[in-house]
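Trainee: My questions are about this predicted structure, shown below with the sequence.
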Amino acid sequence: MNVIGTVGLPGSGKGEAANVAEEAGIPVVVMGDVIRAECRRRGLDPAEHHGRIAGALREEEGDDAIAVRTLPLIREAAADGERDTVLVDGLRSTVELERFREAFGDDFTLVAVRAPFELRAERLDDRGRDDSDSDLEALRERDAREIELGLGETLERADVEIDNTGTLAAFRRRVREALGVADGEGERGSADREADADREADAGPATADAGGDGS
């Protein structure tokens with residue numbers, strides 16, 4: 001079993017990387033789902049209490065709590081999937097990285113998805129999931145919190161780096177390479193690719209969003 005983890009700041013493109021994996025038939029495990037499930041178990045709205053419960057889990061069960069809870073989900077996805085690869089979306093810290101390396105050894109690869117602040121801010125504004133996505137100061141503060149939690153060091157320890165500042169097609173091609181998927185395998189239909197091409201012509205650089213963050 002090959003386990004590919006992704007790490008990146010908000011708006012870098014982790015969500016689009018997960019889309020590429022799913023289209024190629026590779027199961028995706030989102031670490032944030034662990035926190036959302038715990039919110040629901042406690043009768044809380046994940047949209048409002050996600051960050052607090054993430055902190056509570058780490059305080060109650062250790063800094064690697066989310067990674068530990070994710071491990072059985074990875075093994076379950078691998079057992080149910082047709083491929084021998086699983087994508088884990090949204091590592092946040094070196095503690096989580098060490099837990100996965102301990103569990104999977106050389107079968108674990110960490111992929112860092114990178115893009116500059118201005119481009120990530122533009123993508124998040126386009127995405128518009130909530131008001132904070134268009135607030136540059138809020139995004140800077142969010143970046144600082146993520147880095148303080150260890151995301152910056154985790155990025156530096158990645159095995160593979162993907163620069164997401166070009167076209168969407170180029171980014172998707174690099175993700176397929178990292179996943180070991182043949183070029184063109186699992187791509188969407190021609191109509192979807194043409195729509196992507198039109199969007200790139202209108203918008204310039206890729207508009208992949210951050211997808212599901214680890215917590």
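Mentor: Nice, thanks for sending it over.
Trainee: What distance do you get for residue 68 to residue 86?
Mentor: 16 Å (C-beta to C-beta, to the nearest Å). (Glycine included, C-beta is placed from N, CA and C.)
Trainee: Counting neighbours around each, name which of these two comes out higher.
Mentor: Between residue 68 and residue 86, counted using other C-beta atoms under 10 Å, the more crowded position is residue 86 (26 against 16).
Trainee: you'd agree that one is in a strand?
Mentor: Yes. Counting by DSSP: H, G, I helix; E, B strand; the rest coil, residue 86 is found in a strand.
Trainee: Just confirm it contacts residue 1, I think it does.
Mentor: Yes. When contacts are counted by C-beta atoms under 8 Å, residue 86 is listed as touching residue 1 (6.8 Å).
Trainee: what residues are shared contacts of those two?
Mentor: Between them, residue 86 and residue 1 share these contacting residues under C-beta atoms under 8 Å, 6 or more residues apart in numbering: residue 78.
Trainee: show me the contacts for residue 111.
Mentor: Contacts of residue 111 (C-beta under 8 Å, 6+ apart): 4, 5, 6, 7, 17, 158, 159, 160, 161, 162, 178.
Trainee: Bridged to it, which residues?
Mentor: Taking DSSP bridges as the rule, residue 111 bridges to residue 6, residue 160.
Trainee: From residue 63, how far off is it?
Mentor: According to C-beta to C-beta, residue 111 stands 22 Å off from residue 63.
Trainee: Now do the strands in this structure.
Mentor: When secondary structure is read from DSSP state E, the chain shows strands at 2-7, 28-30, 85-89, 108-114, 160-163.
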